[in-house]
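A.B. asks: What shape does this take:
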Amino acid sequence: MASDRTPIDIDPRSGFCKSNSIFYSKRKPISLPANEFLDVTTFISSRAHNGKIAFIDASTGHYLTFPEVWRAIDSVASCLSEMGVRKGQVVLLLSPNSIFFPIVCLSVMSLGAIITTTNPLNTPQEIRKQIADSKPILAFTTQTLLPKLSGTGLPIVLIGQHDNLSIKQSRIVSSLEDMIKKDPSSLGTRVRERVSQDDTATLLYSSGTTGASKGVVSSHRNLIAMVQTIVNRFRLEDGEQTFICTVPMFHIYGLVAFASGLLASGSTIVVLSKFEMDEMLSAIVKYRATYLPLVPPILVALINHAETVKSKYDLGTLQSVLSGGAPLSKEVIEGFSEKYPTVRILQGYGLTETTGIGASTDSAEESKRYGTAGLLSPSMEAKIVDPETGEPFPVNRTGELWLRGPSVMKGYFSNPEATTSTLDSQGWLRTGDICYIDDDGYIFVVDRLKELIKYKGYQVPPAELEALLLTHPEIADAAVIPFPDKDVGQFPMAYVVRKAGINLSEVAVMDFVAKQVAPYKKIRRVAFVGSIPKNPSGKILRKDLIKLATSKL
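C.D. replies: A predicted model of the protein is given here:
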């Protein structure tokens, strides 16, 4: 993306340029490969490092060395080519985290084909909706998840152990294990199509900055830029590191970091198929992990149970925890630093639309800027814009955050209207987040532009639930807010003011709503308060309630 950069009048402290009202990243720019015809798989495989073991299965101890990973990718890509998979075609991956997840993704992308992932917790209906939109020609899944693809008619490659007797063979075309075992040279000449950096690599589904779930189109260039950002962020050239992968690989951060990017650094990734606190802590000890990605609730649990954790587990090798999803409060950061003084906290902010990280704190010192989402990622540009007038703001003014850079998506799949409303002609992505950037270039997220709650991609309007709650004879006032959740994104939480002398329970409130709305609109958490905070015109101050709710995490 061409930059309007005019270095003469950029404030070195904030990164703000007065002549064009753009904030520029203060971090060292990333360098993109000059070769236009380059796929992300080839780019990662060509990076030199001294790494030995690439992936370890935390539960079984089974591992793959770097040469084994690249041999497996070559074999699977050759088998897919022989099956007729071609550039531009879509392949679906429905699987929990595993050491084979990256092999599928990188094999598909090496052919110029497109990987689309889906959440294993999704219902068959949600998966069918994604299939109808993305039109994959083939699916990879596990035997356990096979029923969720029933009736789709998709040919299927099975991942992991399976019982041949219990599988309808007509839909199964191969197993990943068999594909990995094949010698590529025995399969004939692979059809090698030229893949450019601008070609589509991934199609991940996101609720977008607003609205219903949409396919986010990311290019090989987007992924290559994010690989560079990740490697630079952790300065992994300084030596081998071991990461515990707790985040889902079907999600953009899990995919770009743990299923692809970190391979470029020679780091070892210990894969948990699902999150479980004791298994995570045991894996840190057993594999001498140095980096641990977390969401804020896990960080808080580590603080609250620090004495028990430290008495049972030696976490002496752990250097950093990586937190995302919501900025951490001063209390949480200081509490963690007090309990685990040798472990630094790093934070990140990003969207599926930015192919992962858009801003981050990359040192303990940066994380002490409490409440921040961090500094802009390398080569990323930002504007703070008045959502009503479009006027760009300088430092310390609050408006919608717009981002532009080499990792910003190409657009939404087969949805030009949504693309146009989110991505302008100059490449600026409207994030939907209300932010300000301070005098030192740190981004602070203060609100969402749209009040919609995003539950598994479904839109839940708070006003609809509030109107329903107010029909309850024992409720005097109510407000509904999004509550962050690692599995569903957000769920509706209600703050309720009971009428005088009434002893209405949390369960009664949830049951009242549940009987009258679709399952995804259910209230899943209730807090009783004396009054609902409102501004002088009577508008609910949701951000105050969100702050109150999340401060207790």
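A.B. asks: low-confidence ranges in the stretch 401-550 of the chain?
C.D. replies: 447-451, 457-459, 461, 536-539 (pLDDT under 70).
A.B. asks: For residue 65, give me the backbone phi and psi.
C.D. replies: With angles defined as degrees, to the nearest 10, residue 65 sits at phi -80, psi 170.
A.B. asks: That one: what's it in contact with?
C.D. replies: The neighbours of residue 65, taking CB atoms under 8 Å, 6 or more residues apart in numbering as the test, are 52, 53, 54. Yep, even glycine has a C-beta here, placed from its N, CA and C like the rest.
A.B. asks: what about 10 Å?
C.D. replies: Residue 65 is in contact with 51, 52, 53, 54, 55, 71, counting by CB atoms under 10 Å, 6 or more residues apart in numbering.
A.B. asks: Make a PyMOL selection of the buried ones in the residues you listed.
C.D. replies: In PyMOL, a selection of the buried entries from the contacts of residue 65 looks like this (16 or more other CB atoms under 10 Å):
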select buried, resi 51+53+54+55+71
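A.B. asks: nearest to residue 172, of the contacts of residue 65?
C.D. replies: Among the contacts of residue 65, residue 71 lies closest to residue 172 (CB to CB), at 23.8 Å.
A.B. asks: Might one say that that closest one is in contact with residue 45?
C.D. replies: No: applying CB atoms under 10 Å, one finds residue 71 not in contact with residue 45, separated by 11.0 Å.
A.B. asks: Make JSON lines from the contacts of residue 65 and add pLDDT, distance to residue 272 and secondary structure to it.
C.D. replies: Shown next, in JSON lines, are those (pLDDT from 0 to 100; distance: CB to CB, whole Å; DSSP: H, G, I helix; E, B strand; the rest coil):
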{"residue": "51", "pLDDT": "90", "distance to residue 272": "20", "secondary structure": "coil"}
{"residue": "52", "pLDDT": "93", "distance to residue 272": "21", "secondary structure": "coil"}
{"residue": "53", "pLDDT": "95", "distance to residue 272": "16", "secondary structure": "strand"}
{"residue": "54", "pLDDT": "96", "distance to residue 272": "16", "secondary structure": "strand"}
{"residue": "55", "pLDDT": "97", "distance to residue 272": "12", "secondary structure": "strand"}
{"residue": "71", "pLDDT": "96", "distance to residue 272": "25", "secondary structure": "helix"}
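A.B. asks: after the helix or strand of the chain with the lowest mean pLDDT, next one along is what?
C.D. replies: Ranked by mean pLDDT, DSSP states H and E, the weakest helix or strand in the chain is strand 458-460, scoring a mean of 68. Sequence-wise, the next helix or strand downstream of strand 458-460 (DSSP states H and E) is helix 462-469.
A.B. asks: Show me the contact partners of that following helix.
C.D. replies: Residues outside helix 462-469 that contact it (CB under 10 Å, 6+ apart): 451-453, 461, 475, 477-482, 492-497, 509, 512-513, 516-517, 521-523, 526, 532, 540, 542.
A.B. asks: Just the buried ones among the residues you listed, please.
C.D. replies: Burial by neighbour count, 16+ other CB under 10 Å: within the contacts of helix 462-469 this picks out 452-453, 475, 477-482, 492-497, 509, 512-513, 521-523, 526, 532, 540, 542.
A.B. asks: Now do the buried residues in the helix or strand hosting residue 177.
C.D. replies: Residue 177 belongs to helix 176-181 when elements are defined using DSSP H and E. For helix 176-181, a neighbour-count test (16+ other CB under 10 Å) marks 176, 179, 180 as buried.
A.B. asks: May I see those organised as CSV, with distance to residue 218 and pLDDT added?
C.D. replies: What follows is the buried residues of helix 176-181, written out as CSV (distance: CB to CB, whole Å; pLDDT from 0 to 100):
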residue, distance to residue 218, pLDDT
176, 24, 96
179, 25, 96
180, 26, 96
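A.B. asks: which one of these sits closest to residue 82?
C.D. replies: Nearest to residue 82 among those, counting by CB to CB, is residue 179 at 9.7 Å.
A.B. asks: Contacts only, for residue 179.
C.D. replies: 72, 75-80, 82-83, 103-104, 107, 140, 157, 173, 187.
A.B. asks: Mind giving me the ChimeraX select for those residues, buried ones only?
C.D. replies: Buried residues within the contacts of residue 179, by 16+ other CB under 10 Å, are selected in ChimeraX with:
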select :72,75,76,77,78,79,80,82,103,104,107,140,157,173
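A.B. asks: among the contacts of residue 179, which one has the lowest pLDDT?
C.D. replies: Of all the contacts of residue 179, residue 187 carries the smallest pLDDT score, 74.
A.B. asks: in terms of contact, does it touch residue 181 like I think?
C.D. replies: No: taking contacts as CB under 10 Å, residue 187 lies outside contact range of residue 181: 11.8 Å.
A.B. asks: Find residues that contact each of the two.
C.D. replies: Jointly contacting residue 187 and residue 181 under the rule CB under 10 Å, 6+ apart are 75, 79.
A.B. asks: And the strands in the stretch 351-500 of the chain, which stretches?
C.D. replies: 356-361, 374-376, 381-385, 392-393, 399-404, 411-412, 429-437, 442-448, 453-455, 458-460, 475-485, 489-498 (DSSP state E, counting those that start in this stretch).
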